[in-house]
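S.K.: how does the following fold in three dimensions:
(one chain, ligands or ions: 1)
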Amino acid sequence: MFNFFKKKKITEPVPEKLPFTTDIHSHILPGIDDGSPDIETSLELIQGLGELGIRKCIATPHIIGDMFRNNADTINMALEETKYACEEAGIEMELSAAAEYMLDDYFLELLKKGDPLLTLHGNIILTEIPYTSTPQNLGEITAAIHEKGYRPILAHPERYHYYQQNFEEYARLKQMGFALQVNLLSLCGYYGKRAEKAARFILEKELAILIGTDLHHQKHLDAIKDPHNRIIFQHCTGNNVFNDLELLLKLK
Ligand SMILES: [Fe+2]
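M.R.: A predicted model of the protein is given here:
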């Protein structure tokens, strides 16, 4: 069969490492969301990240009211299992865990109850919103998050369909109080042309200092390892520093 989509020849050096050493967004813990289904897969994914230069990995399992009601217990148990298995297998990786909170009614209940949320670092939480329908009360939710003393990161703003039509929304999300986190694979078109264009716009305009792998499975890892894609990641990120959570805490 003809390969109409044969990729161009590589004419420049492929970067050995990813443009960051801490990954702040991944689904590598076994069996608790739509990411890794078992510990063997978790180890393969973590080893793969290590080979790409990731030294510290903050796992962020989904917490979605009608799908994955994870909590500190389910997440920490999966984290401990993974840490132990890494040690046994001789895989060196600094592992910790937080969560990726869908900003739904269940999240608002948790916020209202006042139990501590799972943070990436300090008071920083990772959040997401639905892909296809604009959340009506996002401003109010963000204000409530800040009022409770948390600082929200919005995961993959480039993937929300309603913002892809209007790039001005990205600056508005920042004004609203979100730090923006682009997905690495958006930059090479993995999630489609629109997400690619939006992700590149966000980085070009310096609206984001956070990039995540959002790694769920081997297919994601293969795409991240792809030499053509690694050159694209390098071009899009330049010499900028990403995922410095200490720096994020200091920013207004
Ligand atoms: Fe995610």
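S.K.: so which strand or helix has R172?
M.R.: Using DSSP states H and E, R172 falls within helix 168-176.
S.K.: elements contacting that helix?
M.R.: helix 138-147, helix 161-164, strand 179-183, helix 193-204 (3 or more C-beta pairs under 8 Å, 6 or more residues apart in numbering; DSSP states H and E). Every C-beta, even on glycine, is put in place using the N, C-alpha and C of the backbone.
S.K.: per-residue pLDDT, the residue in the stretch 151-252 of the chain positioned nearest to the ion?
M.R.: Nearest to the ion, among the residues of the stretch 151-252 of the chain, is D214, at 4.4 Å (C-beta to the ion). Model confidence at D214, expressed as pLDDT, equals 98.
S.K.: hang on, isn't it packed against D23?
M.R.: No: contact criterion C-beta atoms under 8 Å: D214 and D23 do not qualify, at 9.2 Å.
S.K.: which of the helices and strands packed on helix 168-176 is buried the deepest?
M.R.: The highest average neighbour count among these, using mean count of other C-beta atoms under 10 Å, belongs to strand 179-183 at a mean of 24.
S.K.: tell me the strands beside that one, with direction?
M.R.: Each strand that pairs with strand 179-183, with its direction, by DSSP bridges: strand 151-155 (parallel), strand 208-212 (parallel).
S.K.: L108: which of those strands is closest?
M.R.: Closest of the strands paired with strand 179-183 to L108 is strand 151-155, at 13.1 Å (criterion: C-beta to C-beta).
S.K.: run through the residues of the stretch 151-252 of the chain sitting next to the ion.
M.R.: D214 (C-beta under 5 Å from the ion).
S.K.: tell me, how many residues neighbour the residue in the stretch 1-150 of the chain that the ion sits nearest to?
M.R.: Using C-beta to the ion, the closest approach of the stretch 1-150 of the chain to the ion is made by E100 at 4.7 Å. E100 has 27 neighbouring residues, counting by other C-beta atoms under 10 Å.
S.K.: quick one, what contacts it?
M.R.: Residues in contact with E100 (C-beta atoms under 8 Å, 6 or more residues apart in numbering) are H25, H27, T60, P61, H62, I63, L126, T127, E128, A155.
S.K.: what does the worst-scoring helix or strand of the chain on mean pLDDT contact?
M.R.: Sorting the helices and strands of the chain by mean pLDDT, DSSP states H and E puts helix 245-250 at the bottom, at a mean of 92. Contacts with helix 245-250, where a contact means C-beta under 8 Å, 6+ apart, come from 22, 24, 120-124, 151, 153, 179, 209-210, 241.
S.K.: gap between that helix and the chain center?
M.R.: Centroid separation between helix 245-250 and its chain, computed with C-alpha atoms, centre = their mean, to the nearest Å, is 17 Å.
S.K.: in it, what counts as buried?
M.R.: Neighbour counts over helix 245-250 (16 or more other C-beta atoms under 10 Å) mark L245, L248 as buried.
S.K.: and stretch 22-38, by the same measure?
M.R.: Buried residues in stretch 22-38, counted by 16+ other C-beta under 10 Å: 22-30, 32-33, 35-36.
S.K.: any idea of the mean pLDDT for stretch 116-126?
M.R.: If you average the pLDDT over stretch 116-126, you get 97.
S.K.: pull out the buried residues from that stretch.
M.R.: The neighbour-count check on stretch 116-126 (16+ other C-beta under 10 Å) flags L117, L118, T119, L120, H121, N123, I124, I125, L126 as buried.
S.K.: nearest to H146 among those residues?
M.R.: Nearest to H146 among these is N123, at 9.7 Å by C-beta to C-beta.
S.K.: next up, the contacts around the closest one.
M.R.: Contacts for N123 (C-beta under 8 Å, 6+ apart) come out as G149, Y150, R151, L249.
S.K.: quick one: low-confidence parts of the stretch 1-150 of the chain?
M.R.: Counting by pLDDT under 70, the low-confidence segments of the stretch 1-150 of the chain come to 1-7.
S.K.: for the ion, what are the nearby residues on it?
M.R.: E100.
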